[in-house]
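1. what would the 3D arrangement of this be:
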Amino acid sequence: MASHLRFGEEDFLNCRFALSPLWETQDAVRTLRRPDRHGYHTPWLRRIRAAAAGVDLAPLWLLMPRRGHSPDWLGAPPIGPAATFEEEIAAVRAADPEAARADTARSLACTPGALDSGRGRAWLADPVRMVRELADALEAAWRVLVEPEWPRLRALLEADVAFHSRRLAEVGLGTLLPELDARLSWDGRTLTVPGGAYERRLGGRGLVLMPSVFCWPDVITGFDPPWQPTLVYPARGVGGLWAEPGARTPGALVRLLGRNRAAVLAALDDPASTTALAHRLGLAPSSVSAHLSVLRESGLLTSRRYGHQVLYERTPLGMALASGG
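-> Presented below is the predicted three-dimensional model:
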């Protein structure tokens, strides 16, 4: 089974990359109940186990059928290229209650017994309260599951966007799309996505391309009007996301550069900002900034601006040195 997204001329002009802390929160909650997603995230699962036990995630799980519809209003496509969680959750809280009610009823129907459950009936009888309760549940999940790790997650997601933006400039959209995931296929007008069984003409709205840490191993597409169609795919480098940098720093590099400076260079498998590296390495931002300056002046790193941040990445010489080549 597969879904097919049909592109028209205007759709090629309206494709964009985006990140969403709200989406990552939704999928972090989903991952807790999906053992097939646990492989890459075992260190994170160990860290959050105790705190997650104190958060009532049952309302969110009720709207996450293994197969079927999850409410679009509760995890809409990002409202901008660098939206914060606070901006996204404000949009959830501002959802039209009647539209949210219909969307939620569709999702409840995908889980046997959910429509007739006490919670399901209460939500549909009072959609204003439903919107408030579910927004509160999402915000609680964000605070416990995702916010403490967001600098690390955001760095990986931004690195994915930076990489694929360069590929877009090099090879064009038609070649890029199947590169996002090996299961995607492209015939010049239609993107075929595994799973589902529907056809959708994008109708000039284009497609949001959104990397995700927690969606692996799935590729996800959907969103009915008025939402912009969205393709969510596993971010590059998720396999090394939770690895401790010290474990990946070659001993010879430590002897050459010193432990912390070597750790900074070794941690840049993908582009990252000063703040993200400091969080990842457990070092002060001022210390990381000083190390980055020395490494850049030595020709081992280069930097460029991405939105409000400066991202650092290794030069070919830096790559060779970090790998021991």
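
2. contacts and neighbour counts: CA atoms only from here.
-> Will do.

3. so what pLDDT did Ala263 get?
-> pLDDT, Ala263: 89.

4. where's it, which helix or strand?
-> Per DSSP states H and E, Ala263 falls inside helix 259-267.

5. dump that helix to CSV, restricted to CA.
-> Output of helix 259-267 as CSV, limited to C-alpha atoms (Å, rounded to 0.1, in the frame of the first residue of the first chain):
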residue,chain,number,x,y,z
ARG,A,259,40.4,16.9,25.5
ASN,A,260,37.7,19.6,25.2
ARG,A,261,38.9,21.0,21.9
ALA,A,262,39.1,17.5,20.4
ALA,A,263,35.6,16.8,21.8
VAL,A,264,34.2,19.9,20.0
LEU,A,265,35.8,18.8,16.7
ALA,A,266,34.6,15.2,17.1
ALA,A,267,31.1,16.3,18.0
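
6. who touches the residue lying closest to Leu231 once chain neighbours are set aside in this structure?
-> Among residues not flanking Leu231 along the chain, Thr221 sits closest, at 4.6 Å (CA to CA, 6 or more residues apart in numbering). Neighbour list for Thr221: Val193, Pro229, Thr230, Leu231, Val232 [criterion: CA atoms under 8 Å, 6 or more residues apart in numbering].

7. and the two most separated of those residues?
-> Using CA to CA, the pair of these lying farthest apart is Val193 and Pro229, separated by 12.7 Å.

8. now the helices for the chain?
-> 21-32, 42-53, 58-61, 85-93, 97-108, 118-125, 127-141, 150-171, 173-179, 251-257, 259-267, 274-281, 285-297, 316-323 (DSSP state H).

9. relative to Leu156, how far out is the most centrally placed residue in the chain?
-> What sits nearest the mean C-alpha location of the chain, by CA atoms, centre = their mean, is Ser212, with 2.6 Å. Separation of Ser212 from Leu156 (CA to CA, to the nearest Å): 9 Å.

10. how about Gly172?
-> In this view, Gly172 and Leu156 are 23 Å apart by CA to CA.

11. before we move on, the earlier item: next, the buried residues of the helix holding Ala263.
-> For helix 259-267, the neighbour count (16 or more other CA atoms under 10 Å) marks Asn260, Arg261, Ala262, Ala263, Val264, Leu265, Ala266, Ala267 as buried.

12. shaky segments in the stretch 1-150 of the chain?
-> Scanning the stretch 1-150 of the chain for pLDDT under 70 picks out no residues.

13. ignore what I typed, I meant the stretch 151-300 of the chain.
-> Low-confidence segments of the stretch 151-300 of the chain, defined by pLDDT under 70: 243-250.
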